[in-house]
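Student: Please work out how this folds:
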Amino acid sequence: MDISTNYLGLKLRSPLVVSASPLSEDIDNIKRMEDAGAAAVVLYSLFEEQLRQDRLELHQHLQQGTESYAEALSYFPEPDEFKLGPEEYLKHIAAAKKATRIPIIASLNGSSVGGWTEYARQIQKAGADALELNIYYIPTDMDLSGTAVEDTYINILKSVKSEVTIPVAVKLSPFFSNFANMAKRLDQSGANGLVLFNRFYQPDIELESLEIKPNILLSTPMAGRLPLRWIALLYGRLNASLAATSGIHRASDALKMLMAGADVTMLCSTLLRHGIPQIGMIERELKDWLVEHEYESIAQLKGSLSQKKCPEPAAFERAQYMKALTGYSS
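Tutor: Residues are numbered from 1 along each chain as shown. Below is the predicted model:
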């Protein structure tokens, strides 16, 4: 059974990739992921705010006391000459590459072009096989147009692509007026892959303390419906690879994403719930299903239930919408 696939130009042994999570903060965990069958690992995210804070702290230290001893500034190099940013992340990439044989994908989480575009080059130098841009952007400015929001994504991608030669994927939300057009623009701007979708974590209110608190809920298989739909719509229409994330807990969830047209399926919540060995269990169930249904490879399966395979895509989409609304019974 050939369950290999291609993602971002990388040949992977299977479509099961571990997405960014705290689990990858430990090198031993990454080794366990490889042993369990992970085809690649996306490291935990490095946040734009972390890089910005490093710069602020450096500037403060360089300026401290200079009002009394201004000549002391001449002993320090200019801020641009410093290696800025969390060096531990770079060391972690190098350590992960040394400890494993599977592709290691770094993750940058930000919302603006920012200084971390240059940091992408250092990530490549540290040995990362690819880079995932996790763009977490919630526009609240009422005077900001939708076009300006979209341009921010495009500018981030182009800025990073200008710094690196390794593949770059973009992880983004579905909240665009025309997501199909946004996907096309990212594809044309050089995205090697699209990761669908980023989950926005909605805050809650603590009634006793009257404070806003984070509210992190792990995904359920139901969360896979949205990426499933859009991957089926985009399959065969882009050059970029398609990665499905959110809601993939079992082999059946992965199989549906692959039939829709995903190149890889990313695992996170199921590993946090059931542990890293869950990767091996999903792979075994995946292979068993393929054998039972007489498939010879993942390639034979991929995209078989995408919209591209439908002779009248628009009519099919409308028909499914009407069927869902009229077919419900309590």
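Student: and the residue nearest the centre of the chain, backbone torsions?
Tutor: Centre of the chain computed as the mean C-alpha position; nearest residue by Cα atoms, centre = their mean is Lys171, 4.2 Å away. The main-chain torsion angles of Lys171 are listed as degrees, to the nearest 10 and equal phi -100, psi 120.
Student: Look up which residues are beta-bridged to it.
Tutor: With DSSP bridges as the criterion, the beta-bridge partners of Lys171 are Asn134, Val195.
Student: And it, how far from Leu186?
Tutor: Shown here: Lys171 relative to Leu186, a distance of 11 Å by Cβ to Cβ, to the nearest Å. In this view, the C-beta of every residue, glycine as well, is placed from N, C-alpha and C.
Student: Name the residues contacting each of the two.
Tutor: Leu194 (Cβ atoms under 8 Å, 6 or more residues apart in numbering).
Student: which stretches of the stretch 101-250 of the chain have low pLDDT?
Tutor: Low-confidence segments of the stretch 101-250 of the chain, defined by pLDDT under 70: 111, 115, 201, 215.
Student: can you give me the strands for it?
Tutor: For the stretch 101-250 of the chain, the strands defined by DSSP state E, counting those that start in this stretch cover 104-110, 130-135, 168-172, 193-196, 204-206, 211-213, 241-245.
Student: dump the residue contacts of the residue nearest to the centre of the chain.
Tutor: Applying Cβ under 8 Å, 6+ apart, the residues contacting Lys171 are 107, 132-135, 194-195, 197-198, 245.
Student: now with 10 Å?
Tutor: With contact taken as Cβ atoms under 10 Å, 6 or more residues apart in numbering, Lys171 is in contact with 19-20, 42, 45, 107-109, 132-136, 193-199, 243, 245, 266.
Student: same thing with Ile3?
Tutor: 12-16, 37, 39, 258, 283, 286-287, 290, 295, 297-299, 301.
Student: What's the ChimeraX line that selects buried ones from those residues?
Tutor: Filtering these down to the buried ones (16 or more other Cβ atoms under 10 Å) takes a single ChimeraX command:
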select :12,14,15,16,37,39,258,283,286,290,295,298,301
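Student: So Leu196 is in contact with Leu242, correct?
Tutor: Yes: shown here, Leu196 and Leu242 form a contact pair, counting by Cβ atoms under 10 Å, at 7.0 Å.
Student: Mutual contacts of these two, please.
Tutor: A shared contact of Leu196 and Leu242, defined by Cβ under 10 Å, 6+ apart, is any residue touching both; here these are 183, 227, 230-231, 234, 257, 262.
Student: In CSV: those residues, plus neighbour count and distance to Pro86.
Tutor: Supplementary listing: the shared contacts of Leu196 and Leu242 in CSV, determined by neighbours: other Cβ atoms under 10 Å; distance: Cβ to Cβ, whole Å:
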residue, neighbour count, distance to Pro86
Ala183, 23, 31
Pro227, 25, 30
Trp230, 21, 33
Ile231, 28, 33
Leu234, 24, 34
Met257, 28, 33
Ala262, 30, 32
